[in-house]
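Enquirer: Show me the folded form of this:
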Amino acid sequence: MRQTSMVRPGPESAQRKDERPGQAGAPISFGHVSHNFIHGDRAVLVLEDFDLDIAASEFVSIVGPSGCGKTTALSMAGGLERPRAGSVLLDGEPVDGTSDDVAFMFARDALLPWRRVRRNVELGMEVRHVPAAERRRRADEWLRRVRLEEFADSDVLHLSQGMRQRVAIARTLVQSPRVVLMDEPFAALDAQTRANQQQEFVRLWEAERPTVVFVTHDLEEAILLSDRVVLMAARPGRIVADLRIDLPRPRTQEMRTSSPEFAKYLETLSGRLREEVVAAEERRQAEEERA
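Expert: Numbers count the residues shown, from 1 in each chain. Below you'll find the model as predicted:
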């Protein structure tokens with residue numbers, strides 16, 4: 001059995017090394033993954049012994065210092081990168097390229113400006129050769145669900161950033177993916193719009209329940225949205241904490257300031273993250289001295 005420290009806030013909680021929540025029926029499994037990139041004449045180790053199982057319908061956030069390999073891990077789950085060592089499995093099978101069961105959502109909405117709103121939502125279905133009438137039906141249904149049905153024929157360039165992100169959410173979920181990989185999807189939004197989009201996405205996720213892997217630098221966002229928060233070490237990335245978030249759903253933005261449990265989770269993660277940021281800076285200085 002693989003082992004990862006399970007951390008719960010509060011002095012009464014011990015680290016648990018005998019439990020991996022995602023082992024039973026895990027649709028995504030990273031098995032002792034290590035990976036490096038070649039920069040000039042040297043190899044830079046990005047991930048080292050990254051070991052993680054994510055269960056069906058779980059919402060798991062990955063946090064950690066910049067450059068620790070969060071996006072690399074996400075890319076491997078989606079078949080965009082292959083590990084140098086170890087394994088990445090989807091439903092028990094090695095990930096070998098992209099899959100119709102896996103959808104991506106990034107910080108920028110990446111809408112096509114020459115397509116109107118409905119046609120942007122239809123894009124993935126069009127690539128998969130879904131008949132036109134079915135594409136339109138499903139696109140209109142999802143535009144209704146993200147409360148944009150009246151803008152179906154609008155030019156995307158005339159939408160606010162928050163509305164554009166809702167179009168991107170509809171384009172992602174209209175394909176009924178079993179796994180959604182999200183790389184800081186709300187980072188470019190202002191604070192109020194970001195809060196609204198977080199609530200909107202969780203509402204839709206709770207109805208559909210795909211497995212979500214969510215990369216973010218925002219610890220409060222991770223706690224508010226997730227079933228688990230995985231904290232990675234400074235490069236080379238590995239898991240140093242796996243924190244189950246036992247807050248009731250539905251969750252509200254007010255929990256950030258009103259919930260003592262939320263505050264404990266934040267204190268635990270903030271402390272560990274500070275340690276990793278300091279370690280990253282010390283490593284950077286050491287590398288500069290050796291250069």
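Enquirer: Return the list of helices and strands in contact with the longest helix anywhere in the chain.
Expert: In the chain, assigned by DSSP state H, the helix with the most residues is helix 260-290. In terms of contacts (3 or more CB pairs under 8 Å, 6 or more residues apart in numbering; DSSP states H and E), helix 260-290 is packed against helix 219-225, strand 228-232, strand 239-244. Glycine gets a C-beta too; all of them are placed from N, C-alpha and C.
Enquirer: Distance check, residue 202 against residue 133.
Expert: Separation of residue 202 from residue 133 (CB to CB, to the nearest Å) stands at 31 Å.
Enquirer: more neighbours, these two?
Expert: Between residue 202 and residue 133, counting by other CB atoms under 10 Å, residue 202 is the more crowded of the two (18 against 8).
Enquirer: My impression was that that one belongs to a helix - is that right?
Expert: Yes: with DSSP: H, G, I helix; E, B strand; the rest coil as the criterion, residue 202 is part of a helix.
Enquirer: doesn't residue 234 make contact with residue 277?
Expert: Yes: under the criterion of CB atoms under 8 Å, residue 277 makes contact with residue 234 at 7.0 Å.
Enquirer: Who has more neighbours out of the two?
Expert: In this view residue 277 and residue 234 are compared by other CB under 10 Å, and residue 234 has more residues nearby, 24 against 15.
Enquirer: Spatially, and excluding backbone neighbours, which residue is closest to the more buried one.
Expert: residue 280 (3.4 Å; CB to CB, 6 or more residues apart in numbering).
Enquirer: On the three-state scheme, the residue minimising distance to the centre of the chain is what?
Expert: The chain has residue 214 as the residue nearest its centroid, 1.3 Å off, counting by CA atoms, centre = their mean. Secondary structure, three-state DSSP: residue 214 is strand.
Enquirer: which residues pair with it across the strands?
Expert: residue 61, residue 182 (DSSP bridges).
Enquirer: Can you check what angle separates the longest helix of the chain from strand 239-244?
Expert: Interaxial angle, helix 260-290 versus strand 239-244 (axes from the mean of the first three to the mean of the last three CA atoms, to 10 degrees): 170 degrees.
Enquirer: from the middle of its chain, how far away would helix 260-290 be?
Expert: 20 Å (CA atoms, centre = their mean, to the nearest Å).
Enquirer: got the angle for it vs strand 228-232?
Expert: Put simply, helix 260-290 runs at 20 degrees to strand 228-232, going by the same axes, to 10 degrees.
Enquirer: could you pull out the helices for this protein?
Expert: Using DSSP H, helices in the chain cover 70-77, 117-121, 123-127, 132-145, 161-173, 191-208, 219-225, 255-258, 260-290.
Enquirer: Put together JSON lines for the ones you listed, with distance to residue 64 and mean pLDDT on each row.
Expert: As requested, the helices of the chain are arranged in JSON lines below (distance: least, CB to CB, whole Å; pLDDT from 0 to 100):
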{"stretch": "helix 70-77", "distance to residue 64": "6", "mean pLDDT": "94"}
{"stretch": "helix 117-121", "distance to residue 64": "32", "mean pLDDT": "96"}
{"stretch": "helix 123-127", "distance to residue 64": "30", "mean pLDDT": "91"}
{"stretch": "helix 132-145", "distance to residue 64": "32", "mean pLDDT": "96"}
{"stretch": "helix 161-173", "distance to residue 64": "24", "mean pLDDT": "93"}
{"stretch": "helix 191-208", "distance to residue 64": "20", "mean pLDDT": "92"}
{"stretch": "helix 219-225", "distance to residue 64": "10", "mean pLDDT": "96"}
{"stretch": "helix 255-258", "distance to residue 64": "21", "mean pLDDT": "93"}
{"stretch": "helix 260-290", "distance to residue 64": "6", "mean pLDDT": "85"}
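Enquirer: Good, we can wrap up now.
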